[in-house]
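Trainee: For reference, the sequence and a predicted model appear below.
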Amino acid sequence: MNWETVIGLEVHVQLATKTKIFSAASTAFGAAPNTQACEIDLAMPGTLPVVNKQAIDYAVMFGLAIDAEIGKTSVFERKNYFYPDLPKGYQTTQLEKPIVGPGIVEIQLGNGDTKSIRIHHAHLEEDAGKSLHEGNFRSGVSGIDLNRAGTPLIEIVSEPDMRNAEDAVAFAKKLHSIVTSLGICDGEMSQGSMRFDVNISVRPQGETKLGTRTETKNLNSFKFMEDAIHLEVARQIDLLEDGGEIIQETRLYNGDTKVARSMRSKEEANDYRYFPCPDLLPVVISDEHVEKLRKNLPELPDARQQRFMDEYDLSQYDANVLSADASMGSYFEQATKHSGNAKLTANWVAGELSARLNAETISLDQSPVTAEQLAGLIIRIADNTISGKMAKQVFEGIWNGEGDADQIIEKRGLKQVSDSGALEAMVDEVLANNQAMVDDYMNTDPDKRKKKLGGFMGQIMKASKGQANPQQVSQILAQKLAKML
């Protein structure tokens, strides 16, 4: 049987406010456990919450960015459940009247096609604390860190519009791009700033009724989400084809072991006994305030992509890669300003630099190579001072703190030989010393001679210690061999 996958996402986005959603406690990451949870976060008797206005504004900014309906009157409710890292016994959230209503997010797929993913709504809520299962705890004992309790979140709920892992990852990346471009979230997924709950079901191809879904919770990387989706889809199809049935449940996925397991049966809304929070008045937002926020929105990813294509003549692919991350887009523009070569700069930022950042698992703002230093390297590639191969050595030197491009080129003796007279002499010497290769070239079918040039090029580059300009060498070599025919 052919199966269709149906996927919807619930994305928890920590808002980049300095204080929590209902208290003045700090939201800074990395503090010692339980040093940033105040009496209000713990719902101590006699305390009352006060809404963080910045969190309200950030939620509205997100709604405007996806062209969503803005809830001019939104209401906070209590979601009641017991868990050790939820000290109040309830989570203050929104259900019936969320701050952001229906909207649309456009995603770009690998083949260049675009697809619209509908947003059902996005609501404000407070984060829970964190259970700690490692460290100095006895076997079977967990620790509780309440620093995160009360951190403001928006939970973005999509419609079930995705049909495979590629759709889901593209959607998650686009949301990451939007919230970081807006400046409402730092996007540090390793720190829990964005977490994904993935709802997955399968159904026979052509069926319109949705199948029973499962929810895999708290995925904090695009790769983990992709792997978890593939694993769960395969599990559901195998189970159905063996005559079994899918149980609606919440599941967990371990990205390190690549193993998923059932956590608990899936609850429905009425299991949480929602009711309006008696300590918080409805939030009323004026049209004037919404328009003020709209006018001050920063450049969004789609607009930045189009501008990069128009202003720098970049391909759609390059513009998409560089515009997805606001900091990378800024880095690219700064480097291009100094190098004067947008295309070559785009290649190095999206290629060598990004690959090295990923390999070292560090963010762009931690890069040891500044935009000005990369521009200096690109200038030396463009003026043929160094070849592309040499450039990688120079980049390595800059990364390791050996100085800028000119200093490393001088110190390592990497200057490319572009003098035509010197290059002709090198080519003549290699041809004279490799008569067998020359004879083989002459006796080869004309249509296949091009493949033989690599052997000559290798000898010439070896003779020049890799410093000969390969483009010039290739031209000189072709001319001299043509004269021998």
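Mentor: Received, thanks.
Trainee: where exactly do the strands run in the stretch 151-300 of the chain?
Mentor: Using DSSP state E, counting those that start in this stretch, the strands of the stretch 151-300 of the chain run over 152-158, 194-204, 214-219, 249-254, 259-265, 275-276, 283-284.
Trainee: Pull the residues that contact the fifth one.
Mentor: Yep, that's strand 259-265 we're talking about. Identification of contacts with strand 259-265 by CB atoms under 8 Å, 6 or more residues apart in numbering yields 216-217, 228, 231-232, 235, 247-254. Just so you know, the C-beta spots here come from the backbone N, C-alpha and C atoms, and that holds for glycine as well.
Trainee: Spatially central, which residue of this protein would that be?
Mentor: residue 173 (5.1 Å; CA atoms, centre = their mean).
Trainee: Now do the contacts for it.
Mentor: Residue 173 neighbours (CB under 8 Å, 6+ apart): 222, 324.
Trainee: Give me the distance from stretch 180-198 to the chain's centre.
Mentor: 9 Å (CA atoms, centre = their mean, to the nearest Å).
Trainee: Secondary structure class of residue 354, three-state.
Mentor: helix (DSSP: H, G, I helix; E, B strand; the rest coil).
Trainee: if we can go back for a sec, filter the contacts of strand 259-265 down to the buried ones.
Mentor: Buried members of these, counted by 16 or more other CB atoms under 10 Å: 216-217, 228, 231-232, 235, 250-251, 253.
Trainee: right, and out of those residues, which lies closest to residue 25?
Mentor: residue 217 (25.4 Å; CB to CB).
Trainee: so what's that closest one up against?
Mentor: 197, 250-252, 263.
Trainee: Can you convert the buried ones among the contacts of strand 259-265 into TSV and add a column each for pLDDT and distance to residue 463?
Mentor: Below are these laid out as TSV (pLDDT from 0 to 100; distance: CB to CB, whole Å):
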residue	pLDDT	distance to residue 463
216	97	58
217	94	61
228	97	54
231	97	54
232	97	58
235	97	59
250	93	66
251	95	62
253	96	55
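Trainee: Low-confidence regions, the stretch 301-450 of the chain specifically.
Mentor: In the predicted model, the stretch 301-450 of the chain carries pLDDT under 70 at residues 416-419.
Trainee: Let's see that with 50 instead.
Mentor: By pLDDT under 50, the stretch 301-450 of the chain has no low-scoring segment.
Trainee: Residue 274 is in contact with residue 78, isn't it?
Mentor: Yes - counting by CB atoms under 8 Å, residue 274 touches residue 78, with 6.8 Å between them.
Trainee: neighbour-wise, which of the two wins?
Mentor: Using other CB atoms under 10 Å, the more surrounded residue of residue 274 and residue 78 is residue 78, with 20 against 17.
Trainee: Confirm the more buried one sits in a strand?
Mentor: Yes - assessed by three-state DSSP, residue 78 belongs to a strand.
Trainee: what separates it from residue 467, distance-wise?
Mentor: Distance of residue 78 to residue 467, computed by CB to CB, to the nearest Å: 71 Å.
Trainee: same check, this time on residue 164
Mentor: 49 Å.
Trainee: can you give me phi and psi for residue 25?
Mentor: phi -70, psi 150 (degrees, to the nearest 10).
Trainee: now it: how far from residue 131?
Mentor: In terms of CB to CB, residue 25 sits 19 Å off from residue 131.
Trainee: neighbour count winner among the two?
Mentor: Between residue 25 and residue 131, residue 25 has the larger neighbour count (other CB under 10 Å), namely 21 against 12.
Trainee: Number of residues surrounding the closest residue to that one other than its chain neighbours?
Mentor: Nearest residue to residue 25, sequence neighbours excluded (CB to CB, 6 or more residues apart in numbering): residue 38, at 4.3 Å. Counted with other CB under 10 Å, residues neighbouring residue 38 total 18.
Trainee: Next, the buried residues of stretch 422-438.
Mentor: Buried, per 16+ other CB under 10 Å, within stretch 422-438: 423-424, 426-427, 430-431, 438.
Trainee: Run the chain-centre distance for that stretch.
Mentor: Counting by CA atoms, centre = their mean, stretch 422-438 comes out at 50 Å from the chain centroid.
Trainee: what's the answer for stretch 199-206, then?
Mentor: That offset, for stretch 199-206, works out to 27 Å (CA atoms, centre = their mean).
Trainee: And stretch 467-476, by the same measure?
Mentor: 39 Å.
Trainee: How about stretch 82-90?
Mentor: Using CA atoms, centre = their mean, the offset of stretch 82-90 from its chain centre is 32 Å.
Trainee: Any idea how far apart the tips of it sit?
Mentor: Stretch 82-90 has its terminal residues 7 Å apart, counting by CA to CA, to the nearest Å.
Trainee: For residue 6, list each beta-bridge partner.
Mentor: Note on residue 6: beta-bridge partners residue 201, judged by DSSP bridges.
Trainee: where does it sit relative to residue 282, distance-wise?
Mentor: According to CB to CB, residue 6 stands 35 Å off from residue 282.
Trainee: So if I had to pick from the two, which one is more boxed in?
Mentor: Legend: neighbour count by other CB under 10 Å for residue 6 and residue 282, higher for residue 6 (19 against 12).
Trainee: per the record, what domains does the chain have?
Mentor: Domain assignment for the chain by automatic domain parsing gives 3-290, 299-412, 420-484.
Trainee: Quick check: buried residues in the helix or strand containing residue 58?
Mentor: Using DSSP states H and E, residue 58 maps to helix 53-65. By 16+ other CB under 10 Å, the buried positions in helix 53-65 come out as 54-65.
Trainee: what about residue 483, how many neighbours?
Mentor: 7.
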